[in-house]
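Asks: Need coordinates for the following:
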Amino acid sequence: MVWGMRKCTVFLSPALYSILSPPHLCEIVRTGTRTAPSSRHNAAAQGIQCCHLAGVFSGICGGGEVMELQDTEQQNSVSLEIIPRHEWGARAPTSQTALNMPVTYLVIHHSAGSRCFTPLESGKALRGIQNFHMDTRGWWDIGYSFLISEDGNLYEGRGWDTEGAHTLHYNKDSYGVCFLGSFTDETPRSAALQKVEILIRTGISRGHLRPDYILKGHRDLGDTECPGEALYEHIQTLPHFQP
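Replies: As a prediction, the model looks like this:
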């Protein structure tokens, strides 16, 4: 998302962009917020004028904000919000090692703890995981690259640039994404599952993840039940999965 002169550009994947074609306008950006999908009639009622020219939607909102929705192969991602470490109360790492990007693997984990449905629950779980990794296991920081809660929030762990500690022998060439909760009997909610797919597309478009990346469950690379049977069954249906 690029802001300037009260103008915002949102880049969408081709699949999502097709949803936005007339007669529907799916996203209305007003100072960083989104509305629910609405018909063109409802959008007009909100003071929005829409046009469809050369693959670009432009909307002029009541407050004067200008929005553009653009489909491009070079920016094949929806704007992704990652909640930074300071917002969940992370401790500073004791050391760091840079990743050599783009990496090859994206490894799915679960925390095997309580499922988190609110930011308050997630923050408590994240701090607990970090304390366990640092104080009990003796690691430099929380081990995962990113963590996802049931409400679809995506939290920064070690992030894009730093080597994780989540999958033995693969940390130097992978990102570890952990779903907060135990997912042996049921999968995470759809908001959480959709977020990891957006994360993957964003990683590719920004050069962090190889376009021919390989998706794995933690159990594929180690002696563990992680990420739980139900979640593991789901990720086998996703593109680029290899057992």
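
Asks: and the residue nearest to Leu80 when sequence neighbours are not counted, how many neighbours?
Replies: Counting by C-beta to C-beta, 6 or more residues apart in numbering, Thr202 is the residue found nearest to Leu80 once chain neighbours are left out, at 4.5 Å. Every C-beta, even on glycine, is put in place using the N, C-alpha and C of the backbone. A count of nearby residues for Thr202, using other C-beta atoms under 10 Å, gives 21.

Asks: Shouldn't Thr202 be within a helix?
Replies: Yes. Under DSSP: H, G, I helix; E, B strand; the rest coil, Thr202 sits within a helix.

Asks: Tell me if I'm right that it and Leu106 touch.
Replies: No. With contact defined as C-beta atoms under 8 Å, Thr202 does not count as touching Leu106 (11.7 Å).

Asks: In the record's domain split, what are the boundaries for this structure?
Replies: Using automatic domain parsing, the domains assigned to the chain come out as 2-71, 85-235.

Asks: rank the ones you listed by mean pLDDT and give me the bottom one.
Replies: Set side by side, these give their lowest mean pLDDT on domain 2-71, at a mean of 36.

Asks: Tell me how far the closest residue in space to Cys226 that isn't next to it in sequence lies from Thr187.
Replies: Distances taken as C-beta to C-beta, 6+ apart place His218 nearest to Cys226, at 3.9 Å, with adjacent residues excluded. The gap separating His218 from Thr187 is 16 Å, by C-beta to C-beta, to the nearest Å.

Asks: and what of Gln242?
Replies: Distance of Gln242 to Thr187, computed by C-beta to C-beta: 20 Å.

Asks: again, but for Asn131
Replies: Per C-beta to C-beta, Asn131 is found 27 Å from Thr187.
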